[in-house]
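# Here is a sequence together with a model predicted from it:
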Amino acid sequence: MTNLLALSLPGGSELIIIVFVVLLLFGGTKIPQLMRGMGRGVSEFQEGIKDGKKNFEKGLRGDDESTPEEPRKS
């Protein structure tokens, strides 16, 4: 099983070829912008996960700050 997994991972020469192709496609000036955008996206994703966990734990504890609406009389 581990031999099969090792065959699918790129080695040193494949990584060099991949980096070369990426440089050709995007150029040297676009890559920092792409990495910056990816970093911001990852940090926003992590903040969203933290907020979701916090809200979930609040809901489990019953610390919900919102007040339920009163039923309307018709």
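Sure thing, it's come through.
# From here on, just use CA atoms for contacts and neighbour counts.
Fine.
# Name the surrounding residues that touch stretch 23-33.
Contact with stretch 23-33 is made by no outside residue, as judged by C-alpha atoms under 8 Å, 6 or more residues apart in numbering.
# and that stretch, C-alpha only, in PDB?
Provided in PDB are the C-alpha atoms of stretch 23-33 (Å, rounded to 0.1, in the frame of the first residue of the first chain):
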ATOM      1  CA  LEU A  23       6.700  30.500 -14.000                       C
ATOM      2  CA  LEU A  24       6.000  30.400 -17.700                       C
ATOM      3  CA  LEU A  25       2.300  30.600 -17.300                       C
ATOM      4  CA  PHE A  26       2.000  33.300 -14.600                       C
ATOM      5  CA  GLY A  27       5.300  35.200 -14.800                       C
ATOM      6  CA  GLY A  28       7.400  36.300 -11.900                       C
ATOM      7  CA  THR A  29       5.200  39.300 -11.000                       C
ATOM      8  CA  LYS A  30       1.900  37.400 -10.700                       C
ATOM      9  CA  ILE A  31       3.100  34.700  -8.400                       C
ATOM     10  CA  PRO A  32       3.500  36.900  -5.300                       C
ATOM     11  CA  GLN A  33       0.000  38.300  -5.800                       C
END
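# And the residue most central in space within the chain, which helix or strand is it part of?
In the chain, the residue lying closest to the centroid (C-alpha atoms, centre = their mean) is V42, at 4.1 Å. Assigned by DSSP states H and E, V42 falls within helix 12-61.
# What average pLDDT does that helix get?
For helix 12-61, the mean per-residue pLDDT is 90.
# quick check, distance from it to the centre of its chain.
6 Å (C-alpha atoms, centre = their mean, to the nearest Å).
# one step back: ok, the residue nearest to the centre of the chain - contacts?
Neighbours of V42 in contact, by C-alpha under 8 Å, 6+ apart: none.
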